[in-house]
Each structure stands twice: as C-alpha cells, then as structure tokens.
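Trainee: I'll drop the sequence and a predicted model, then ask my questions.
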Amino acid sequence: MPEIRFDSVAVRVPLPGRGEREILARTTLTLTEPRVAVIGANGSGKSTLARLVNGLVRPSSGHVTVDGRDVVRDGAAVRRTVGFCFTDPAAQLVMPTCVEDVELSLRRTVPGSEARRERALEVLAAHGLEEHAHDSVHSLSGGQRQLLALAGVLATEPTVVVADEPTTLLDRANTRRIGHALLGLSQQLLLVTHDLDLAARCDRVVVIDDARVVADGTPTESIAHYTSLVDT
Ligand SMILES: Nc1ncnc2c1ncn2[C@@H]1O[C@H](COP(=O)(O)OP(=O)(O)OP(=O)(O)O)[C@@H](O)[C@H]1O
C-alpha cells in the first residue's frame, strides 16, 4: 500500500482583521492501511485533512507526502497518483455524456480517440453503466452520477483514492452501492464520512474534533470515542 504521511502539518486561514484561525492543528500521521476512515462533527476539519493529500489545501506548516513525494513540491506527480472523489459528483462531471466524461479522465493515459472510446466503454461496463454511455450525465440518478464520478477517478489509475463524504447526498441503497464499490477498491482509500457503518468496515479510523486528531485506532475504539464526544 502507498504511504500517506502528515508530518507536523497545520493549516491556518486568515480571519479578516483578526489574525488567523487554525483549521487543522499540528498533526502527524502515517497512513499505510488499505482503508482509512476520517470521522468527526461538521466543521471539525475532515475535508481539510483530505484535501491536503492532493494539494487542494496547502499546509501552513509541515509537510504532506504520498509515497515520499511532497504534495506541494511535486504536486503534479502526486495528483497523478491520488484520485479525489467529491461529495457532489457535479463538481467533477463536466462533459455532456457519460462516455465523454470518462474519455476526459483518460486523456493523459490513453492516446488516440478510438482507443480512448474503447477503454471508456470498458470502464463504464465495469461499473454497470454501459447502457448509459451516450446518455447525458444529468439524466443519471444521484447514485449513478456518484458511480460515474468514481469510475472517472479510477480510470486515471490512481494508487490512492480520497473520497470526501461520497455518500452524503445518497439514499440508503446507493450509499450501500457506493460504499461497496469504495471498500472493494484495490487502491488505498482515505474516506471522509459521517456514515459510521462505512467507517466500521475500514481498517483504521481517525477522529477529528475541533481541528485536531482526538482518536486514531481500530474502528471499534475510534467510533466509541466519537460517539462518546457526540453523546456528552
Ligand atoms: N479556506 C477557508 N477559509 C476559512 N475557513 C475555512 C476554510 N476552509 C475551511 N474553513 C473552516 O474550517 C473548518 C473545518 O472545515 P472542514 O471543511 O475541514 O470541516 P469538515 O469536518 O469537513 O466539515 P463537514 O463535515 O461539515 O464537511 C470549518 O469551520 C470551515 O468553515
């Protein structure tokens, strides 16, 4: 598995006229497990942690590396290995039809439009979306759209998939479907989620509260810690 490393990383943002606010306190973590969940209350800092992994957020101090590559210094190389799945798939589905959207993901790795079309259709078939290949992405259900967004990410052959609340907008059946797809990946998964059932199926669970890591361990330990925070 790849190694995601946060080395004394902190993130601060300016508060207009009032100095700075720390949205992630100094954090050191080495993540090598296949499936790592990040849980915590709204606004605690989970997305900030996730976005550091592909450079969408930059550390104010410290370093983030993926397999030894610094996310800021070697940003382009890191982004080629880290796929990012957003809560709202609309953030990443930009082409008119499903097959064109997957082709866009393949533009760097598969040269030649015919080969790219063929590969894109294979990717869609692998996710049960082949019959929607020529449909508008807007005609898909929420679950299908999230699946398509994930297919697009996987088409780039990342070694790490970061998913930021990928099931938050979905109903139970689609949550199960996307959860199953994510937890079955061969890639390393960093999953930000409010779904404790999904977190429970990961190998390691990190709990964030008020901008800091307050628990980090097995799902049973970490979820118990989180629920004790919520219930007090
Ligand atoms: N660029 C920014 N400028 C100012 N404040 C920010 C910025 N990015 C995040 N924040 C604040 O930092 C805090 C942590 O945000 P973050 O999105 O990491 O939380 P989260 O745990 O993912 O929340 P949620 O579960 O609601 O998605 C929030 O209070 C948010 O408003």
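Mentor: Okay, I see it. Numbering: from 1, shown residues only.

Trainee: List the residue ranges of this structure that fall below the pLDDT cut-off.
Mentor: Under the criterion pLDDT under 70, the flagged ranges of the chain are 232.

Trainee: just so I have it, where are all the helices in it?
Mentor: Along the chain, the segments classed as helices by DSSP state H run 46-52, 75-81, 98-105, 113-126, 142-155, 172-183, 196-200, 219-231.

Trainee: right, and those helices - which one's nearest the ligand?
Mentor: Ranking those by their distance to the ligand (criterion: CB to the nearest ligand atom) puts helix 46-52 first, at 3.2 Å. Glycine gets a C-beta too; all of them are placed from N, C-alpha and C.

Trainee: Could you list the buried residues of the closest one?
Mentor: Neighbour-count burial for helix 46-52 flags K46, S47, T48, L49, A50, R51, L52 (criterion: 16 or more other CB atoms under 10 Å).

Trainee: surely the second one meets T168?
Mentor: Which is S47. No - shown here, S47 and T168 do not form a contact pair, counting by CB atoms under 8 Å, at 11.2 Å.

Trainee: circling back to that earlier point, ok, which of the buried residues of helix 46-52 also contact the ligand?
Mentor: Residues of these in contact with the ligand (CB under 6 Å from any ligand atom): K46, S47, T48.

Trainee: Pretty sure the first one sits against I208.
Mentor: This means K46. Yes - contact criterion CB under 8 Å: K46 and I208 qualify, at 5.4 Å.

Trainee: list the residues that contact both of these two?
Mentor: Shared contacts of K46 and I208, defined by CB atoms under 8 Å, 6 or more residues apart in numbering, comprise V38, I39, G40.

Trainee: Closest to G68 out of these?
Mentor: V38 (21.9 Å; CB to CB).

Trainee: For D88, see how far away that closest one is.
Mentor: The gap separating V38 from D88 is 18 Å, by CB to CB, to the nearest Å.

Trainee: neighbour count winner among those two?
Mentor: With neighbours defined as other CB atoms under 10 Å, V38 and D88 compare such that V38 has more, 29 against 16.

Trainee: Is D164 in contact with F84, as I believe?
Mentor: Yes - proximity of D164 to F84 meets the contact threshold set by CB under 8 Å, at 7.4 Å.

Trainee: what do those two both touch?
Mentor: With CB under 8 Å, 6+ apart, D164 and F84 have common neighbours A50, R51.

Trainee: Now do the contacts for the spatially closest residue to A173 that is not a sequence neighbour.
Mentor: Spatial nearest neighbour of A173, chain neighbours left out: G143 (7.2 Å); criterion: CB to CB, 6 or more residues apart in numbering. Contacts for G143 (CB under 8 Å, 6+ apart) come out as L170, D171, A173, N174, R177, I178.

Trainee: got a list of what the fourth one touches?
Mentor: To tie it back to what came earlier, the one meant is N174. Residues counted as contacts of N174 (CB under 8 Å, 6+ apart) are S141, G142, G143, Q146, T167.
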